[in-house]
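Chemist: Here you go, sequence then predicted model.
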Protein chains: 2
Amino acid sequence: MSDSLNTLSAAAIAAGVRAGDFTAEAVTAACLERIAKREESVHAFAFLDPDLALAQARAVDAAEEKGPLAGVPVGAKDIIDTHDMPTEMGSPIYRGHRPPADASCVAQLRDAGAVMLGKTVTCEFAGLTPRETRNPHDPSRTPGGSSSGSAAAVADTMLPVAFGTQTGGSVIRPSSYCGIVGYKPSFDTYSLTGVYPAAESLDTLGLHARDVGDIELVHDALLRRPHRPRPVPPQPPVVGLCRTWMWDKAQPETREAVEDAAARIRDAGGRVQEIELPEELEWLGGVRGVINAWERAAVMADEWRRHREEISSQLQDTIQQGLDLSYAEYTDAMYLMESCRIKVTGAFAGCDVLLTPAVDGEAPEGLDSTGSPQFQALWTMLQTPTMTLPSSKGPHGMPVGIQLVAPYRQDDRLFSIARWTVGALS
Amino acid sequence: MSDSLNTLSAAAIAAGVRAGDFTAEAVTAACLERIAKREESVHAFAFLDPDLALAQARAVDAAEEKGPLAGVPVGAKDIIDTHDMPTEMGSPIYRGHRPPADASCVAQLRDAGAVMLGKTVTCEFAGLTPRETRNPHDPSRTPGGSSSGSAAAVADTMLPVAFGTQTGGSVIRPSSYCGIVGYKPSFDTYSLTGVYPAAESLDTLGLHARDVGDIELVHDALLRRPHRPRPVPPQPPVVGLCRTWMWDKAQPETREAVEDAAARIRDAGGRVQEIELPEELEWLGGVRGVINAWERAAVMADEWRRHREEISSQLQDTIQQGLDLSYAEYTDAMYLMESCRIKVTGAFAGCDVLLTPAVDGEAPEGLDSTGSPQFQALWTMLQTPTMTLPSSKGPHGMPVGIQLVAPYRQDDRLFSIARWTVGALS
């Protein structure tokens, strides 16, 4: 059995470990075996110590109380602190850095019985500069970024769940490119203690998994509440079809994925109505770079001062752009973003969730870029919870996802409708 | 001259160093001398390495370009990371901890030519549990907390400027108790990168100084804009006298300080109008503990897991309270707080700033408590910029401050009116 345990969902793993059907050690061993076989092609891990992982798993097996995530192997993007593994931020500046504490999210999952399997590859400081991870569906293509290793490892069944972070599109994009479920909660839902910032007014900790149920399971552990799988809604949902003004910039496979999902939702009894976003939201594209660059320059003031030559030229350009901005330009951008958060609430009127593109198209060829964040970053700025679900394939057979968006703090509604939508799409 | 350089303002120090009137080294030496004389009574410092401070000062003297804070000695609360000094969070858990980087705010002030003189005593993890610092005006009394060392060091002319943080009232209260100027900016103004969190939706980095001009000087450096002292407003301001529903809980000296300030503002030509806060704001007192405890429990998940016995029983109680809360209780509290932020904008209608109590009264006797945060925490929750100005004395001769509050992101207006108010009070 051991050679298939790595393909189980987190929920199935926790249930099996709790029931004594198999051990946490066997699950971790199966994941390590998969990694040993595939890591050379995928390059998902920034740090992996098999002995440390197995020791954690044995401790779970030995514990009398088994938590809700008993024996579930979890990966953490390498900007998330771990007290027993290095945290290198995808940068030579932090080579070998050992934080004194676990990030809040890591400690909370350990409390729930999870095994912190390893640290996954991040783009440099969770930015745009790609690193060595490859798309498990086609090693000549990007897995997306910046949570590259987390999405690739989950997609490749190296582990069932991993943490990512999103400041532009860094959870939803790699999830879509790798064909898995990605979830960015409402802004400020999970603690960011121990997570290296990128742009503090946008940074959001999120999750990668292979099904919606696993997202819910981990979400409940992080919110310290008893886990109960959500029921699907009592009535089929009302879904706002939101093409956005960027529709023409999407590849045909993205437009098809969204239109096809809308058709299937209708077929399953859901109501689909066309939604126009308020025109002012188009300005958000312009201000995102301002907010990101200004805040990035503040966040990295020390690295810029003392280690500039070890920062990639791409990130140096972003920081320099931030340093060249005036505070008035920044606060004007912030004001605009804050006002758009209020305006977008109107777009949800009469809809339970919005259906919208997740990405431009399938994962592009090459490893020089992690793809465009435009379809994800809009919702990051608006602070709304979003989830991508794998729904179809592009012209090269690569996965393409759709994106569901709920109003601020309606994450539970999003889960429930996502479950229903998975049924409608299948 | 060296024996009085420590009493100069930051602005006078920077001007003198830039003009060659004295060296940064002489300024730092004067501060170190003052500390050597007084630290045994005040206990303001968690870490001080005179050689390191003097080396920084000599580097400023040697530099060709002198920044806007050239040679200004600055203290940082010991939850703020420094790459060359330990950061111990006021807790044995972090004894000897050496962060890999400077906090954003520290790096930015170093860029501007400041000398990071030392780390100032913080209450345990910026909470309520007091430590060894004493009020420089009377060592039998608390300096307030949690930015105890920062406020005491500035008040005692050990240095002109120090960083504090406020989650409840931790900048404004110790500033008032120690008789100096304290400033809590609009939420999200300064980067918190490298600052250990307490409750992430409330944490605000702030400043302690002996005059408004020094606050402005440092503020401009942190916002990376050229420094220009603000002019006083062209017309005397309209000040809303805001007693709040807690007025009866204030000591007589606080009520007198506020009424007296209102009278002097009127005498100086300002208009004073009575302001009633929306009744719903009274609920904020009740939800603050919920938000604080829930977020504190998340922030400290690792310390709770691995070092519980090294956490004070007071802080353990707060964390346990957070763990006992449900997520629904937390989000209800957040919703209420967020809605009050919108409602309070109405209270500013027709007023430039509000005049309100800063603290219950003068610094209480004893070191067992750092005083009540009630008059400060209200404005922390509302995210509004506030400043305390020393204005009078209590029955035991201890300083008592007033508090000025401006609407969200109207920090520049707050500075300008604070300057005018200092003139009106004198």
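Modeler: Thanks, I have the structure now.

Chemist: alpha carbons only for contacts and neighbour counts from here, please
Modeler: Noted.

Chemist: Show me what whichever strand or helix holds A:T380 is packed against.
Modeler: Element membership for A:T380, per DSSP states H and E: helix A:374-382. On a contact count with 3 or more Cα pairs under 8 Å, 6 or more residues apart in numbering or on different chains; DSSP states H and E, helix A:374-382 meets helix A:283-299, helix A:327-343.

Chemist: contact partners of the helix or strand that comes right after it?
Modeler: Sequence-wise, the next helix or strand downstream of helix A:374-382 (DSSP H and E) is strand A:386-393. Identification of contacts with strand A:386-393 by Cα atoms under 8 Å, 6 or more residues apart in numbering or on different chains yields A:172, A:175-176, A:179-186, A:253, A:257, A:261, A:358, A:362, A:379, A:399-406, A:414, A:418, A:422, A:425.

Chemist: For the helices and strands packed on helix A:374-382, state which one has the densest average packing.
Modeler: helix A:283-299 (a mean of 21; mean count of other Cα atoms under 10 Å in any protein chain shown).

Chemist: centre of the chain versus it, how much separation?
Modeler: 20 Å (Cα atoms, centre = their mean, to the nearest Å).

Chemist: now that helix and helix A:327-343, what's the angle there?
Modeler: 130 degrees (axes from the mean of the first three to the mean of the last three Cα atoms, to 10 degrees).

Chemist: So which residues make contact with the next helix or strand after helix A:283-299?
Modeler: Scanning forward in sequence from helix A:283-299 by DSSP H and E, the next helix or strand is helix A:301-306. Residues outside helix A:301-306 that contact it (Cα under 8 Å, 6+ apart): A:93, A:311, B:101-104, B:107-108, B:111.

Chemist: Reformat those as a markdown table; add secondary structure.
Modeler: Shown next, in a markdown table, are the contacts of helix A:301-306 (DSSP: H, G, I helix; E, B strand; the rest coil):
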| residue | secondary structure |
| --- | --- |
| A:I93 | helix |
| A:I311 | coil |
| B:A101 | coil |
| B:D102 | coil |
| B:A103 | coil |
| B:S104 | helix |
| B:A107 | helix |
| B:Q108 | helix |
| B:D111 | helix |
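
Chemist: Give me the buried entries from the residues you listed.
Modeler: Neighbour counting by 16 or more other Cα atoms under 10 Å in any protein chain shown classes A:93, A:311, B:101-104, B:107-108, B:111 among these as buried.

Chemist: would a markdown table of the residues you listed with distance to A:V27 be doable?
Modeler: As requested, those are exported to a markdown table (distance: Cα to Cα, whole Å):
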| residue | distance to A:V27 |
| --- | --- |
| A:I93 | 34 |
| A:I311 | 38 |
| B:A101 | 37 |
| B:D102 | 40 |
| B:A103 | 40 |
| B:S104 | 41 |
| B:A107 | 45 |
| B:Q108 | 47 |
| B:D111 | 50 |
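
Chemist: what's the closest of the residues you listed to A:P226?
Modeler: B:A103 (36.8 Å; Cα to Cα).

Chemist: so the closest one touches B:Y196, yeah?
Modeler: No. The criterion here is Cα atoms under 8 Å, and B:A103 misses it with B:Y196 at 9.6 Å.

Chemist: Please enumerate the shared neighbours of the two.
Modeler: B:I80.

Chemist: how near is the closest residue in space to A:D203 that isn't next to it in sequence to chain B?
Modeler: In this structure, A:D203 finds its nearest non-sequential neighbour in A:T167, 4.5 Å apart by Cα to Cα, 6 or more residues apart in numbering or on different chains. Distance, A:T167 to chain B, by Cα to the nearest Cα, to the nearest Å: 15 Å.

Chemist: hang on, A:H208 is in a helix, isn't it?
Modeler: No. With three-state DSSP as the criterion, A:H208 is located in strand rather than a helix.

Chemist: Close to chain B: what parts of the stretch 151-300 of chain A are there?
Modeler: A:188, A:191-193, A:196-197, A:200-201, A:223-225, A:295, A:298-300 (Cα under 8 Å from any Cα of the partner chain).

Chemist: Identify the residues contacting A:G423.
Modeler: Counting by Cα under 8 Å, 6+ apart, A:G423 touches no other residue.

Chemist: now the angle between strand A:386-393 and the helix or strand encompassing it, please.
Modeler: Per DSSP H and E: A:G423 is located in helix A:411-425. For helix A:411-425 against strand A:386-393, the angle by the same axes, to 10 degrees is 10 degrees.

Chemist: which ones are touching the residue nearest to A:D203?
Modeler: A:198-199, A:202-204, A:377, A:380 are the contacts of A:T167 under Cα under 8 Å, 6+ apart.

Chemist: got the buried residues for stretch A:233-245?
Modeler: Those would be A:236-244, for stretch A:233-245 by 16+ other Cα under 10 Å.

Chemist: ok, so of those, who is nearest chain B?
Modeler: A:P237 (23.6 Å; Cα to the nearest Cα).

Chemist: that older thread, for the helix holding A:G423, what is the average pLDDT?
Modeler: When pLDDT is averaged along helix A:411-425, the result is 96.

Chemist: likewise stretch A:382-402?
Modeler: Stretch A:382-402 comes out at a mean pLDDT of 98.

Chemist: repeat for stretch A:144-156
Modeler: 98.

Chemist: thinking again about what came up before, select, out of the helices and strands packed on helix A:374-382, the one closest to B:D78.
Modeler: Nearest of the helices and strands packed on helix A:374-382 (Cα to Cα): helix A:283-299, 18.8 Å.

Chemist: hmm, back to that, in JSON lines: the helices and strands packed on helix A:374-382, plus mean pLDDT.
Modeler: Shown next, in JSON lines, are the helices and strands packed on helix A:374-382 (pLDDT from 0 to 100):
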{"stretch": "helix A:283-299", "mean pLDDT": "96"}
{"stretch": "helix A:327-343", "mean pLDDT": "96"}
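
Chemist: May I see those arranged in TSV, with distance to B:A268 as well?
Modeler: Listed next are the helices and strands packed on helix A:374-382 as TSV, based on distance: least, Cα to Cα, whole Å:
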stretch	distance to B:A268
helix A:283-299	40
helix A:327-343	32
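
Chemist: mind listing what the closest residue to A:R341 other than its chain neighbours touches?
Modeler: Nearest residue to A:R341 in three dimensions, chain neighbours excluded: A:L382, at 5.0 Å (Cα to Cα, 6+ apart). Residues near A:L382 by Cα under 8 Å, 6+ apart: A:337-338, A:340-341, A:344.

Chemist: Only C-alpha atoms, please: export the helix or strand hosting A:H219 in CSV.
Modeler: For A:H219, the host element (DSSP H and E) is helix A:212-222. The C-alpha trace of helix A:212-222 is given here as CSV (Å, rounded to 0.1, in the frame of the first residue of the first chain):
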residue,chain,number,x,y,z
VAL,A,212,-11.6,21.5,-2.0
GLY,A,213,-12.1,19.3,1.1
ASP,A,214,-8.4,19.4,1.9
ILE,A,215,-8.5,23.2,1.8
GLU,A,216,-11.4,23.3,4.2
LEU,A,217,-9.7,20.8,6.5
VAL,A,218,-6.5,22.9,6.8
HIS,A,219,-8.5,26.2,6.9
ASP,A,220,-10.5,25.0,10.0
ALA,A,221,-7.3,24.0,11.7
LEU,A,222,-5.8,27.4,11.2
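
Chemist: Many thanks, I have nothing further to ask.
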